[in-house]
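Chemist: Take a look and give me a structure for this.
(2 chains)
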Number of protein chains: 2
Amino acid sequence: MVLIDGKQTAADIRGEIAREVAALIDHKGEAPHLAAVLVGDDPASHTYVRNKEKACQETGMLSSIYKYPATIGEDELLKIIDFINNDDDIHGLIVQKPLPSHISDDRVTAAIRPSKDVDGFHPVNVGRMVLNLPAYLPATPAGILELIRRYHIETVGKECVILGRSNIVGAPLSVMLSKKGYPGNCTVTLCHSKTRNIGELTRRADILIAAMGQPGFVTGDMVKKDAVVIDVGMNRIVDETKVSAFKFTGDVRFDEVASKCSYITPVPGGVGPMTIVSLLLNTLKAYKKEIYPE
Amino acid sequence: MVLIDGKQTAADIRGEIAREVAALIDHKGEAPHLAAVLVGDDPASHTYVRNKEKACQETGMLSSIYKYPATIGEDELLKIIDFINNDDDIHGLIVQKPLPSHISDDRVTAAIRPSKDVDGFHPVNVGRMVLNLPAYLPATPAGILELIRRYHIETVGKECVILGRSNIVGAPLSVMLSKKGYPGNCTVTLCHSKTRNIGELTRRADILIAAMGQPGFVTGDMVKKDAVVIDVGMNRIVDETKVSAFKFTGDVRFDEVASKCSYITPVPGGVGPMTIVSLLLNTLKAYKKEIYPE
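Modeler: Numbering: from 1, shown residues only, chains lettered A, B, ... in the order given. Predicted coordinates:
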């Protein structure tokens, strides 16, 4: 069994990005620049944005955080997005979710210029991904593909079962892994809350990806011997070994499953660290105009 | 076994559309208007566009065909699309494919205003479909969903196996049938040329959809008893009973498979006639601004 070390892989990629950014700055005199819009006081959102800022700094990218109170109006927020869209010094733009309930997530996402949409959430980028056109891929699925690539895991003709049909992980990942190319060419089955006989399906999987957000859902008996298991779960549960503390746990019972696998990602330290790295890679692509040349 | 009569269903829907269009004209004094752009002399393309025009006429919609020689430049074609985009009297716009090789399909598709893209091929519409936002659905998958709806075929929790991952049928259909709602909530497996043990997979299917364009690929032993079989194949083969004649045949060996099924679509007369009807329904939605209200 090989433990897929997402933390180390992410660190390696950050090192590669840092070297490329340094060379780009030498050449063009300007660093890739990621702007994050942060609305309200949600502590988790503040942590995420701070981690993204830190990752930018580590790799020599510029980052700006635009902070607004939860009372900001949707129109005002859309104007700010428009302003950043038109700022040529900013290459990537993300708006941290969740937004206050009086603001439409969909309208905000659609307002981001597709060429700066480094989260890959804009309908144009999602559609281009489905249609095999160059697109920013959403960060978590892209991070999973990168782990598969870095660990040279074979995918062609493999049965891949994905648990969870969310817009940001399960659904796009099912499309991405079905496509021609590597990683891809899998025979993908997408499972969800209405799926029957789920254990029967997971036991067929050469590659099992758990992304439904149910702690410990995947038990030992649900996994085929020598399967590749990717755990996207990041469930915050009470840590009973400590007083008023939390810990993160995956959708997979690591202790039951790990010994049966050929490869497995731990939680934490598996898929999680790859997500921010994907965002950095997309920002680098934005800077280099790789996806939208004009 | 129930034979799904796409020809009759399509005729029924055209009748419904005609009644609605008549009422809309009474009310608004203006008919829904579909414009088709046709480039070059491909006989099949001319037939398709003529059939679309005929279906418009039958239902009281207006149709215009913009014909250009195969020598037209891409820039000129893009200008024409822009002109139609800005013509408020035209509600839906399709560009018949294939286009001459010096013109980019992707650039042309992206140039169509998403609110007039009644083929549902624009990346924005594909992305919106994936993200559960209102969108024009591509005609063939939408026609299949409509057949499932009209025949009250149960889909929730069913194992659905789709053969073929094309951009216009297999890939979008796999997303649509995985989603919440009806028809949907299926556990979908998307198969393609790299899939192994394909018979093993198809024999699990409660709903089997063949859309790979290989005449007679699905044999009797590949189908589970009481399965629903939807044949999207439309393969032109030589008709050996006639001199220099062709006939259309599906991806399914109807003679071997039909007796095992609970429902099956014939070819011709199954999915085929529903495609143009979906286009009319999208044009009606465009006229009523159902997808893009502003």
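Chemist: And the strands in chain A, which stretches?
Modeler: A:2-3, A:33-39, A:62-68, A:92-95, A:159-163, A:187-191, A:207-210, A:228-231, A:235-238, A:246-249, A:263-264 (DSSP state E).
Chemist: Now do the first one: which elements does it pack against?
Modeler: Other helices and strands packing on strand A:2-3, by 3 or more C-beta pairs under 8 Å, 6 or more residues apart in numbering or on different chains; DSSP states H and E, are strand A:263-264. Yep, even glycine has a C-beta here, placed from its N, CA and C like the rest.
Chemist: Pairing partners for the strand it packs on, with directions?
Modeler: With DSSP bridges as the test, strand A:263-264 is paired with strand A:2-3 (parallel), strand A:228-231 (parallel).
Chemist: Make JSON lines from those and add distance to B:Phe248 to it.
Modeler: What follows is the strands paired with strand A:263-264, written out as JSON lines (distance: least, C-beta to C-beta, whole Å):
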{"stretch": "strand A:2-3", "distance to B:Phe248": "51"}
{"stretch": "strand A:228-231", "distance to B:Phe248": "42"}
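Chemist: Alongside chain B, which residues does the stretch 1-150 of chain A contribute?
Modeler: Applying C-beta under 8 Å from any C-beta of the partner chain, we find that the stretch 1-150 of chain A lies next to chain B at A:106, A:122-133.
Chemist: from those, which two are the most distant?
Modeler: Maximum pairwise distance among the residues of the stretch 1-150 of chain A next to chain B (C-beta to C-beta): 24.5 Å, between A:Asp106 and A:Asn132.
Chemist: returning to that earlier point: so can I have CSV of the strands of chain A showing mean pLDDT and mean neighbour count?
Modeler: Shown next, in CSV, are the strands of chain A (pLDDT from 0 to 100; neighbours: other C-beta atoms under 10 Å in any protein chain shown):
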stretch, mean pLDDT, mean neighbour count
strand A:2-3, 98, 12
strand A:33-39, 98, 23
strand A:62-68, 98, 17
strand A:92-95, 98, 26
strand A:159-163, 98, 27
strand A:187-191, 98, 28
strand A:207-210, 98, 28
strand A:228-231, 98, 27
strand A:235-238, 86, 12
strand A:246-249, 88, 15
strand A:263-264, 98, 22
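Chemist: would TSV of the ones you listed with distance to B:Thr283 be doable?
Modeler: Formatted as TSV, those follow (distance: least, C-beta to C-beta, whole Å):
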stretch	distance to B:Thr283
strand A:2-3	54
strand A:33-39	38
strand A:62-68	42
strand A:92-95	34
strand A:159-163	35
strand A:187-191	31
strand A:207-210	39
strand A:228-231	43
strand A:235-238	46
strand A:246-249	50
strand A:263-264	50
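Chemist: mind listing the helices in the stretch 101-250 of chain A by residue range?
Modeler: For the stretch 101-250 of chain A, the helices defined by DSSP state H, counting those that start in this stretch occupy A:105-111, A:123-130, A:139-150, A:170-178, A:198-202.
Chemist: To A:Met212, which of those helices lies closest?
Modeler: Closest to A:Met212 of the helices of the stretch 101-250 of chain A is helix A:170-178 (C-beta to C-beta; 7.6 Å).
Chemist: mind listing what's buried in that closest one?
Modeler: By 16 or more other C-beta atoms under 10 Å in any protein chain shown, the buried positions in helix A:170-178 come out as A:Gly170, A:Ala171, A:Pro172, A:Leu173, A:Ser174, A:Val175, A:Met176, A:Leu177, A:Ser178.
Chemist: Tell me the helices and strands packed up against that helix.
Modeler: helix A:123-130, helix A:139-150, strand A:159-163, strand A:187-191, strand A:207-210, helix B:123-130, helix B:170-178.
Chemist: Just put these in a markdown table and tack on distance to B:Asp26.
Modeler: Formatted as a markdown table, these follow (distance: least, C-beta to C-beta, whole Å):
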| stretch | distance to B:Asp26 |
| --- | --- |
| helix A:123-130 | 36 |
| helix A:139-150 | 50 |
| strand A:159-163 | 50 |
| strand A:187-191 | 45 |
| strand A:207-210 | 54 |
| helix B:123-130 | 30 |
| helix B:170-178 | 34 |
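Chemist: what's the closest of those to A:Leu280?
Modeler: For A:Leu280, the closest of those is helix A:139-150, at 9.4 Å, according to C-beta to C-beta.
Chemist: CA atoms only for the closest one, dumped as PDB, please.
Modeler: Only the C-alpha atoms of helix A:139-150 are listed here, as PDB (Å, rounded to 0.1, in the frame of the first residue of the first chain):
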ATOM      1  CA  ALA A 139      -9.400  23.300  -7.800                       C
ATOM      2  CA  THR A 140     -10.300  20.100  -5.900                       C
ATOM      3  CA  PRO A 141     -10.900  17.800  -8.900                       C
ATOM      4  CA  ALA A 142      -7.800  19.300 -10.600                       C
ATOM      5  CA  GLY A 143      -5.800  18.500  -7.400                       C
ATOM      6  CA  ILE A 144      -7.000  14.900  -7.500                       C
ATOM      7  CA  LEU A 145      -6.000  14.600 -11.100                       C
ATOM      8  CA  GLU A 146      -2.600  16.000 -10.200                       C
ATOM      9  CA  LEU A 147      -2.100  13.400  -7.400                       C
ATOM     10  CA  ILE A 148      -3.000  10.600  -9.900                       C
ATOM     11  CA  ARG A 149      -0.500  12.000 -12.300                       C
ATOM     12  CA  ARG A 150       2.300  12.400  -9.800                       C
END
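Chemist: Domain parsing of chain A, as residue ranges.
Modeler: For chain A, automatic domain parsing gives the domain ranges A:29-113, A:139-272.
Chemist: Turn these into a markdown table, including distance to B:Tyr66.
Modeler: Below are those laid out as a markdown table (distance: least, C-beta to C-beta, whole Å):
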| stretch | distance to B:Tyr66 |
| --- | --- |
| domain A:29-113 | 30 |
| domain A:139-272 | 33 |
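Chemist: Single out the most deeply packed of those.
Modeler: Using mean count of other C-beta atoms under 10 Å in any protein chain shown, the stretch among the domains of chain A with the largest mean neighbour count is domain A:139-272, at a mean of 20.
Chemist: What is the linear distance spanned by that one between its boundary residues?
Modeler: 10 Å (C-alpha to C-alpha, to the nearest Å).
Chemist: from the chain's centre, how far out does that domain sit?
Modeler: Per C-alpha atoms, centre = their mean, to the nearest Å, the displacement of domain A:139-272 from the mean C-alpha position of its chain is 13 Å.
Chemist: got it, and stretch A:136-149?
Modeler: Using C-alpha atoms, centre = their mean, the offset of stretch A:136-149 from its chain centre is 7 Å.
Chemist: Mind listing residues that contact that stretch?
Modeler: With C-beta atoms under 8 Å, 6 or more residues apart in numbering or on different chains as the test, stretch A:136-149 has contacts from A:4, A:6, A:9, A:13, A:117-121, A:125-126, A:129, A:155, A:168-169, A:172-173, A:176-177, A:182-183, A:209, A:211, A:228, A:230, A:232, A:265, A:270-271, A:274-279, A:281-282, A:285-286, A:291.
Chemist: Please identify the residue most distant from the middle of chain A.
Modeler: Among the C-alpha atoms of chain A, the one most distant from their mean position (C-alpha atoms, centre = their mean) is that of A:Val243, at 31.3 Å.
Chemist: now it: how far from B:Ser244?
Modeler: A:Val243 sits 86 Å away from B:Ser244 when distances are taken as C-beta to C-beta, to the nearest Å.
Chemist: Also A:Arg107?
Modeler: Distance from A:Arg107 to B:Ser244, by C-beta to C-beta: 58 Å.
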